[in-house]
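Visitor: Provide a 3D model corresponding to the input given below.
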Amino acid sequence: MRIPLAALIGLFFTALFFLTAIFAPWIAPYGMAEVVSRDIWAPSSAEFLLGTDNLGRDLLSRMIYGGRTTIFIATAATILSFTTGSVLGFLAAVVGGWVDQVLSRFVDLLMSIPSLIFALVVLSVMPVTVPVLIVVMGLLDSTRVYRLARAVAVDINVMDYVEAAKLRGEGRGWIIFREILPNALSPLVAEMGLRFIFMVLFVSTLSFLGLGVQPPMADWGGLVKENADGIVYGIGAALYPAIAIATLAISVNLVADWVLNRTTSLKGGRGG
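Guide: Have a look, this model is predicted:
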């Protein structure tokens, strides 16, 4: 199997980010909230490769731990979003009738409210913890996944092999997970890459606005907020997390495009 150069680059950087997140405590030179210098925004040196932040903490260590937090929250929220949205979307397409109408109209209601505004309202009255962030982000984004999953499942549900499975007496669970899901993988995989990046941007935006990851925990959006004032003085500490977010976004999209091309053959194929 020959992997295109763009996909290799995407795989390399995506793997690098995820491995760095997993092994953050062993890679980071200092602790996440450890003040290591009296100088704030100290320039890069042999001791501090990216310099220090607004409180004299090692910026490289904060970047590594921030990546761990950002990637963990985005991954968990994406899994929750796709699990909830896909299952409900497939269920609505297979069952139809009033179940489809109730679910679809409820999703339309949620989608009529901008996700960021909805999240800000919810988080302003709830304790801002990592589990709460994951649940709020995942459930809000599941509405987008629901619309895609339902649209794909409606087309697949009328295929001959699905009708044959129904005539065999297969239950709805079999229809959803053995007939529809394998044939809906192509668009869902492509969408998963996009939704993961949206989650990274979402949690970074919330942290930048003060309702995301709370100090002294680090995440990339919070690092931009903490060091934004340094830009006025020509200090680029806030640019490092922004570059990391952009690099991760491009890498994951390159991988998602490649996986999409690999799974296109599943479209319209026969299910289990």
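
Visitor: which secondary structure elements does the helix or strand containing residue 81 contact?
Guide: Per DSSP states H and E, residue 81 falls inside helix 59-95. Contacts defined by 3 or more Cβ pairs under 8 Å, 6 or more residues apart in numbering; DSSP states H and E place helix 59-95 against helix 5-22, helix 24-27, helix 97-111, helix 130-156, helix 172-174, helix 185-208, helix 220-227, helix 239-263. Quick note: C-beta positions are derived from backbone N, CA and C, even for glycine.

Visitor: ranking these by burial, who's on top?
Guide: helix 220-227 (a mean of 25; mean count of other Cβ atoms under 10 Å).

Visitor: residues touching that one, excluding its own?
Guide: 41, 53-55, 59, 62-63, 66-67, 70, 200, 203-208, 210, 212-213, 215, 235, 237-238, 240-242, 244-245 (Cβ atoms under 8 Å, 6 or more residues apart in numbering).

Visitor: and residue 21, what does it touch?
Guide: Residue 21 makes contact with 64, 67-68, 71-72 under the criterion Cβ under 8 Å, 6+ apart.

Visitor: which among those residues end up buried?
Guide: Among the contacts of residue 21, those buried by neighbour count (16 or more other Cβ atoms under 10 Å) are 64, 67-68, 71-72.

Visitor: ok, the nearest residue to residue 231 once chain neighbours are set aside - contacts?
Guide: Excluding the flanking residues, the one nearest residue 231 by Cβ to Cβ, 6 or more residues apart in numbering is residue 238, at 5.7 Å. By Cβ under 8 Å, 6+ apart, the contact list for residue 238 reads 223-224, 226-228, 230-231.

Visitor: quick one: average pLDDT of the helix or strand containing residue 121?
Guide: For residue 121, the host element (DSSP H and E) is helix 115-124. The predicted model assigns helix 115-124 a mean pLDDT of 90.

Visitor: name the helices or strands packed onto that helix?
Guide: helix 130-156, helix 185-208.

Visitor: just tell me which of those ends up closest to residue 171.
Guide: Between residue 171 and those, the shortest gap by Cβ to Cβ is with helix 130-156, which sits at 15.8 Å.

Visitor: show me which positions of the helix or strand following the closest one end up buried.
Guide: Following helix 130-156 in sequence order, the next helix or strand is helix 160-167 (DSSP H and E). Buried residues in helix 160-167, counting neighbours by 16+ other Cβ under 10 Å, are found at 162, 165-166.

Visitor: tell me the one of those residues nearest residue 5?
Guide: Nearest member of the buried residues of helix 160-167 to residue 5, counting by Cβ to Cβ, is residue 162, at 38.5 Å.

Visitor: what sits closest to that closest one if chain neighbours are left out?
Guide: Counting by Cβ to Cβ, 6+ apart, the residue nearest residue 162 is residue 179, at 5.1 Å.

Visitor: same thing with residue 247?
Guide: residue 13 (6.0 Å).

Visitor: that neighbour: what's it in contact with?
Guide: Per Cβ under 8 Å, 6+ apart, neighbours of residue 13: 247-248, 250-251.

Visitor: just these now: which is nearest residue 87?
Guide: When these are ranked by distance to residue 87 (Cβ to Cβ), residue 248 comes first, at 27.4 Å.

Visitor: was I right to think that closest one contacts residue 18?
Guide: No: assessed by Cβ atoms under 8 Å, residue 248 is found out of contact with residue 18, at 9.4 Å.
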